[in-house]
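Undergrad: A predicted structure for the sequence below; I have some questions about it.
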Amino acid sequence: MGPSVALSPAKQAEQLKKDGNVCFKKDRFRAAIDAYTEAITLCPNVPVYWTNRVLCHLKRNDWTKVEEDCRKAVQLDNNSVKGHYMLGLALLQRQEYAEGVKELEKALDLGRGADPKGYMVEEIWQELARAKYMEWEHESTKRTWELQTLKEACETALEEKYILEVSQLEGFLDEVSTKHMEQLESLARVFKIAAEADTPTEVPDYLCCKITLDVFRDPVITPSGVTYERSVILNHFKEVGNFDPVTREPLEESQLVPNLAIKEAVQAFLHEHGWAYKMD
């Protein structure tokens, strides 16, 4: 047999990545990390080695290392869906809601561009909706407490004003009492209106997909004027056939156009009513 040919660093790194993948599938995360780390040492500029190692850190709940490796991955490839996605998750762990949401939104846009029907798009949307709901809940709790404190302060001020007027205007007690009750009722109405944005109700029908009944994420409109969730209508083409589920008219993917008006309306509604991000 002739002398063995030494593998190039790039080929060695690829072999180490494969070894790491095998270990990962067997839940041997420490061994997988070691393999990916060796691959990174050989070829530090390959983003997938970093994102593969991130998945191991994720399984070990090592969020500091998740964030470090994700930042390196997106520095090497700013179009890395997994890099932005897992960086978003790490930031949410630190309750950095605004930054975490920004990373998840970037991952969602990139994911939709690469594969609108892919499992990652659905997974990222679920995490983004959860993050947006958490962000709303955090802010809503703060707003509720502030409103309640302000309402109590206003009620106390009105009560003090009423006591003062009663002592000064003894002959007009009925008039003073009526005015006091009207002011308390007006105050209650004002604070009820102020709390409405944070009070869950129902999402308007026109902002929801006719098939899933969920709020639109990526709405597309057909030539007949019906709007569907993109992934849902694409799945309908694949599973059932190339026709409009509502009108039954023939329909091709190329005929679907993004419904930007509905998309903007959904975004405006969700911005004002963060509770609507809560998934059933």
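TA: Noted; the coordinates are in hand. Owing to the predicted nature of the structure, the values given are computational and were not obtained by experimental measurement. Numbering: from 1, shown residues only.

Undergrad: can you tell me how far residue 25 sits from residue 257?
TA: 41 Å (Cβ to Cβ, to the nearest Å). From N, CA and C alone the C-beta is placed, and that goes for glycine too.

Undergrad: same thing with residue 60?
TA: Distance from residue 60 to residue 257, counting by Cβ to Cβ: 45 Å.

Undergrad: longest helix anywhere in the protein?
TA: helix 119-168 (DSSP state H).

Undergrad: Looking at residue 25 and residue 257, which is more packed in?
TA: Applying other Cβ atoms under 10 Å to residue 25 and residue 257 shows that residue 257 carries more neighbours, namely 12 against 9.

Undergrad: Residue 146: how many residues sit nearby?
TA: 11.

Undergrad: do residue 223 as well
TA: Count around residue 223 with other Cβ under 10 Å applied: 14.

Undergrad: Skipping its backbone neighbours, what lies nearest it in space?
TA: Nearest non-adjacent residue to residue 223, counting by Cβ to Cβ, 6 or more residues apart in numbering: residue 255, 5.6 Å away.

Undergrad: tell me how far the longest helix of the chain is from the chain's mean position?
TA: Put simply, helix 119-168 sits 22 Å off its chain's centre (Cα atoms, centre = their mean, to the nearest Å).

Undergrad: the inter-axis angle of whichever helix or strand comes after that helix versus helix 119-168?
TA: Once the chain leaves helix 119-168, the next helix or strand it forms, by DSSP states H and E, is helix 173-195. Regarding helix 173-195 and helix 119-168, their directions subtend 170 degrees when assessed with axes from the mean of the first three to the mean of the last three Cα atoms, to 10 degrees.

Undergrad: what's helix 173-195 packed up against?
TA: helix 119-168 (3 or more Cβ pairs under 8 Å, 6 or more residues apart in numbering; DSSP states H and E).
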